[in-house]
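Engineer: Dropping a prediction and its sequence here:
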Amino acid sequence: MSFQTSKQDGVVVVDVDGQLIVGNRQELKQKVLDELEGGERKFLIDFSNTGYIDSSGLGVLVSLSKKIREQGGELRLANLNEDLRTLFELTKLDTLFNIADTREAALSGF
Amino acid sequence: MSFQTSKQDGVVVVDVDGQLIVGNRQELKQKVLDELEGGERKFLIDFSNTGYIDSSGLGVLVSLSKKIREQGGELRLANLNEDLRTLFELTKLDTLFNIADTREAALSGF
Amino acid sequence: MRNAEPMKERPGAAPAEPTAFALELPSDLRLIDTAITYLVTRCREYHFAGSRLTLNFRVGVAEALANAMIYGNGRDPSKRVRVEVELDPQRINVRVVDQGKGFDFTELRDPTLPEHLEATGGRGLFLIRSLMDEVDFNECGNCIRLTLYREKQQRPLAS
Amino acid sequence: MRNAEPMKERPGAAPAEPTAFALELPSDLRLIDTAITYLVTRCREYHFAGSRLTLNFRVGVAEALANAMIYGNGRDPSKRVRVEVELDPQRINVRVVDQGKGFDFTELRDPTLPEHLEATGGRGLFLIRSLMDEVDFNECGNCIRLTLYREKQQRPLAS
Ligand SMILES: Nc1ncnc2c1ncn2[C@@H]1O[C@H](COP(=O)(O)OP(=O)(O)O)[C@@H](O)[C@H]1O
Ligand SMILES: Nc1ncnc2c1ncn2[C@@H]1O[C@H](COP(=O)(O)OP(=O)(O)O)[C@@H](O)[C@H]1O
């Protein structure tokens, strides 16, 4: 499980490798908040290599999205597989997030 | 945990990545026996990336060494860290195996 | 898959013998994924597969473990969570028991209502109920029983 | 390490509070390394370190788990192995209990004798006794208690 951060076209891209769950969500939260503190405003979380997300993982995404919006920024999500899409639909969080099919689609729209 | 096999100067080199223990020793055994069956006679197991070995792991090394010797071949070991060296000394298996400090030393002597 | 063997049932049919096993873990959140990975491996070997395993089972059981460790046992690592699993060809049955006092599981809010959509919590039991086919609690609420069928079940109209 | 804080004892001194936790696992050999990794993590957080942890503890406890699963429980995954750990600043105490009938632990051969050196088995309990500071069994032998001190102990002449 790891979170890789990179910068692409002025967007902070975070790759979630493994699970995003109660056992490691603080790490993602801290990484993104540090970047926000450092002045970054555009964020993309890429779930290409993500196994599953639990309710705490969803919670941290909601909380980050809110914090980023408060600073005039935006958080987008990309590359959700079928399982993850179902999860966002079940919880209706698909209505709260800007979810792109691919990383490129997410980046180009920013 | 994985066992990577490569061929170097006519020697089959196996890298033990992780542990060599009761839960995975059959995999190592099968890999080496397949090569022996295929006609290979010189074997080197490299422990550079090995965490720990348990008594079953030691047992499989003894058994492979015997089988290889019966076919006129030889099994050598290399790159044991301090912990692994202690293990071989405790069990006196350091007297049974040709143990080299480095892969190069093991290969050059074959 | 397994084309060479005569096939009595559909491919990937489960072995006939029911099996059961149990784990007990300290309340340490880092163990949840380890446990889930093991449980999924065992279910896969029992020929469960697909989204029912990788989404419904994984997330449903992970939520139950997290609740047991966090709320049931107050994250006290000396307190344990017990996981009992029964596998048979039709279904997976999981019981998660904590050492806590339980809770009133009848009063649960709906996290999909617009006024709750931006809440950071409150989705755990909702996900469990959405993803699992059957969910029961013991009387006090420190033991949750989850059942997932191999195939999607027709949901009763009133749940 | 921790230079900024006032230091009462040597660096890496253990926290004062003893702690205890327990695991219970199905008899599945694939779980041994998972369990060992977790136990080592916990001991490391409790400031145990070095060869005593990476060699003595890891190998000694792995052997005890393997014996419990293989001989005690006959590899039956529905049978469980219980691991109880107590940590205090001076020592790690581990009890491994299986659901088997035990065995006569007084009759053990020496695997380092020339006539046994090429045997493929028979080194497990020898390693446990060599690597751990104290080893006890319950009366029947299905429960082994292992103690490892933080620092190397002077061994009594007769063990
Ligand atoms: N095993 C449990 N023991 C005690 N209380 C629990 C347990 N499981 C759930 N709860 C209670 O139910 C509430 C809702 O849980 P949940 O739906 O998982 O959302 P969240 O964890 O985000 O609060 C928790 O806040 C807790 O008060
Ligand atoms: N928990 C146990 N329950 C029953 N028998 C055991 C147990 N642990 C060890 N034994 C017995 O002691 C013998 C020696 O064990 P060990 O020294 O670990 O070597 P090996 O596992 O290679 O036989 C085993 O063969 C087994 O008969």
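Structural biologist: Perfect, thanks for sending it. Note that the structure is predicted; figures quoted are calculated from it, not measured. Ligands and ions are numbered 1, 2, ... in the order given.
Engineer: C-alpha only now, for contacts and for neighbours.
Structural biologist: Will do.
Engineer: Are the lengthiest helix in chain C and chain B in contact anywhere?
Structural biologist: For chain C, the longest helix by residue count, based on DSSP state H, is helix C:31-45. No: residues of helix C:31-45 are not located near chain B by C-alpha under 8 Å from any C-alpha of the partner chain, the shortest gap being 14.0 Å.
Engineer: For the following helix or strand past that helix, give me every contacting residue.
Structural biologist: Using DSSP states H and E, the helix or strand that directly follows helix C:31-45 along the chain is helix C:51. The contact list for helix C:51 (C-alpha atoms under 8 Å, 6 or more residues apart in numbering or on different chains) reads residue A:83.
Engineer: Next: stretch A:97-110.
Structural biologist: Contacting residues not belonging to stretch A:97-110 are listed as A:9, A:11, A:42, A:44, A:46, A:75, A:76, A:77, A:78, A:79, A:80 [C-alpha under 8 Å, 6+ apart].
Engineer: The fourth one and chain D, how far apart?
Structural biologist: Look at residue A:44 and chain D: by C-alpha to the nearest C-alpha, to the nearest Å, they are 33 Å apart.
Engineer: Surely that residue touches residue A:13?
Structural biologist: Yes: assessed by C-alpha atoms under 8 Å, residue A:44 is found in contact with residue A:13 at 4.8 Å.
Engineer: residues contacting residue C:110?
Structural biologist: C:116, C:126 are the contacts of residue C:110 under C-alpha under 8 Å, 6+ apart.
Engineer: On the pLDDT front, check it for me.
Structural biologist: Per-residue pLDDT puts residue C:110 at 96.
Engineer: check which helix or strand covers it.
Structural biologist: With DSSP H and E as criterion, residue C:110 is part of no helix or strand.
Engineer: In chain A, which residue is most central in space?
Structural biologist: residue A:45 (3.3 Å; C-alpha atoms, centre = their mean).
Engineer: Quickly list what that one is bridged to.
Structural biologist: Per DSSP bridges, residues listed as beta-bridge partners of residue A:45: residue A:14, residue A:77.
Engineer: Give me the pLDDT for residue 92.
Structural biologist: Using chain A. 98.
Engineer: Can you look at chain C instead?
Structural biologist: So, for residue C:92, pLDDT stands at 98.
Engineer: Am I right that it is in a helix?
Structural biologist: No: under the criterion used here (DSSP: H, G, I helix; E, B strand; the rest coil), residue C:92 is strand, not part of a helix.
Engineer: Residue numbers of chain C in contact with chain D?
Structural biologist: Residues of chain C lying near chain D (C-alpha under 8 Å from any C-alpha): C:19-26, C:34, C:77-80.
Engineer: PyMOL command to pick out the buried ones of these?
Structural biologist: Buried residues among the residues of chain C next to chain D (16 or more other C-alpha atoms under 10 Å in any protein chain shown), as a PyMOL selection:
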select buried, chain C and resi 20+21+22+23+24+25+26+77+79+80
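Engineer: near chain B, which residues of chain C?
Structural biologist: Residues of chain C lying close to chain B (C-alpha under 8 Å from any C-alpha): none.
Engineer: Pretty sure residue A:32 sits in a helix.
Structural biologist: Yes: the assignment for residue A:32 is a helix, going by three-state DSSP.
Engineer: show me where chain C has helices.
Structural biologist: Under DSSP H, chain C gives helices at C:31-45, C:51, C:58-67, C:124-131.
Engineer: All set now, cheers.
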